[in-house]
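All I have is the shape, not the residue letters:
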Ligand SMILES: NC(=O)C1=CN([C@@H]2O[C@H](COP(=O)(O)OP(=O)(O)OC[C@H]3O[C@@H](n4cnc5c(N)ncnc54)[C@H](O)[C@@H]3O)[C@@H](O)[C@H]2O)C=CC1
Ligand SMILES: C[C@]12CCC(=O)C=C1CC[C@@H]1[C@@H]2C(=O)C[C@@]2(C)[C@H]1CC[C@]2(O)C(=O)C=O
């Protein structure tokens with residue numbers, strides 16, 4: 001299905017990103033796994049086989065992302081798809097009245113820096129390389145897929161930073177799709193609900209059970225493969241552009 005296709009996946013060493021790398025390779029694609037040097041990215045790429053390579057990347061660094069693009073060119077000669085999965089979760093109330101402590105400004109800045117600025121940094125740099133592709137019969141040169149969260153819309157107590165970072169990703173989806181339309185590069189954002197990944201597994205199992213029960217149908221956490229299936233579908237469907245797609249079993253999170 002994806003023979004000849006080359007993708008970059010940030011956050012590709014874990015969770016949603018890793019499942020996406022697995023599926024793209026299974027469908028005949030080749031993948032550059034980008035993740036922090038401290039991540040298990042190197043082992044991940046080895047497990048994925050010869051159609052994968054790991055490049056240590058902090059998505060907030062211009063130089064790191066440029067290095068990843070250089071490796072993509074050297075190893076696979078082109079880039080068709082970028083999937084932005086790198087992200088961090090944070091939780092803090094705007095003011096802790098028991099401890100007389102305001103929200104930690106550094107935590108707010110870090111969350112925005114990784115989830116929003118990091119995603120933007122990757123988009124602005126991959127666009128140049130995807131734009132070099134010859135257009136297909138439909139005029140398309142490639143696709144950029146971002147990961148927001150349903151917290152962008154129904155942010156819960158403690159999620160001011162996380163929700164703001166993801167709402168930023170939602171907000172820039174349409175203008176960037178418009179910016180890149182003439183080059184035939186599509187931009188689509190997925191807003192996942194609750195998925196069983198290491199990020200979610202920071203929570204104790206009873207809390208996860210409670211979250212599962214709050215999902216109308218199916219009342220369970222999503223499987224990362226189900227996220228990857230949506231990535232596959234976005235790549236295949238050229239009409240999808242400038243949109244944010246919720247993938248959440250119709251969950252609307254409570255305060
Ligand atoms: N798991 C869930 O239920 C949901 C996840 N999301 C979003 O999906 C994305 C993927 O999350 P998961 O797979 O669940 O988490 P995860 O924690 O399993 O994977 C995230 C990956 O991002 C990497 N990363 C973190 N900071 C980075 C940086 N500065 N540069 C490069 N890589 C970095 C981590 O090393 C990790 O491998 C995140 O953006 C998250 O906010 C959104 C909604 C729900
Ligand atoms: C940051 C959270 C909440 C507080 C906590 O003790 C542990 C966490 C780790 C998993 C996070 C939690 C959260 O705030 C919601 C998200 C970010 C969750 C992982 C997915 C999450 O449910 C989400 O993005 C929802 O849209």
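Cool, the structure landed. Predicted model, so just to flag it, every value in this text is computed and none were measured. Ligands and ions are numbered 1, 2, ... in the order given.

C-alpha only now, for contacts and for neighbours.
Noted.

For ligand 2, see how far away the nearest residue to residue 180 once chain neighbours are set aside is.
Sequence neighbours aside, residue 186 is the residue nearest to residue 180 in space, at 7.0 Å (criterion: CA to CA, 6 or more residues apart in numbering). Residue 186 sits 24 Å away from ligand 2, going by CA to the nearest ligand atom, to the nearest Å.

which residues does residue 186 contact?
140, 142-144, 177, 180, 238, 240-242 (CA atoms under 8 Å, 6 or more residues apart in numbering).

Among those, name the ones that also lie close to ligand 1.
When CA under 6 Å from any ligand atom is applied, no member of the contacts of residue 186 is adjacent to ligand 1.

What separation is there between residue 221 and ligand 1?
8 Å.

For that residue, which non-adjacent residue is spatially closest?
Sequence neighbours aside, residue 195 is the residue nearest to residue 221 in space, at 4.9 Å (criterion: CA to CA, 6+ apart).

Please confirm that the residue nearest to residue 180 is located within a strand.
Yes. Judged by DSSP: H, G, I helix; E, B strand; the rest coil, residue 186 forms part of a strand.

burial count for residue 96?
Using other CA atoms under 10 Å, residue 96 has 11 other residues around it.

hang on, the earlier thing: for the residue nearest to residue 180, name its beta-bridge partners.
Assessed by DSSP bridges, residue 186 has beta-bridge partners residue 143.

any idea how far it is from ligand 1?
19 Å.

who touches the nearest residue in space to residue 23 that is not next to it in sequence in this structure?
Residue nearest to residue 23 in three dimensions, not counting chain neighbours: residue 228, with 6.5 Å by CA to CA, 6+ apart. Contacts for residue 228 were tallied using CA under 8 Å, 6+ apart; they are 16-17, 19-20, 23.

restrict those to those near ligand 1?
Among the contacts of residue 228, proximity to ligand 1 is found for 16-17 (CA under 6 Å from any ligand atom).

Could you export the contacts of residue 228 as CSV, including pLDDT and secondary structure?
Shown next, in CSV, are the contacts of residue 228 (pLDDT from 0 to 100; DSSP: H, G, I helix; E, B strand; the rest coil):
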residue, pLDDT, secondary structure
16, 98, helix
17, 98, helix
19, 98, helix
20, 98, helix
23, 98, helix
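
Out of the contacts of residue 228, which is nearest to ligand 2?
Nearest to ligand 2 out of the contacts of residue 228 is residue 16 (CA to the nearest ligand atom; 11.1 Å).

on that earlier part again, so what's the residue count around the residue nearest to residue 221?
Residue 195: 22 neighbours (other CA under 10 Å).

how far away is it from ligand 1?
4 Å.

Among the contacts of residue 186, which ones are in helices?
Secondary structure from DSSP state H places 177, 180 of these in helices.

follow-up on the earlier one: which strand residues bridge the residue nearest to residue 221?
With DSSP bridges as the rule, residue 195 is bridged to residue 222.
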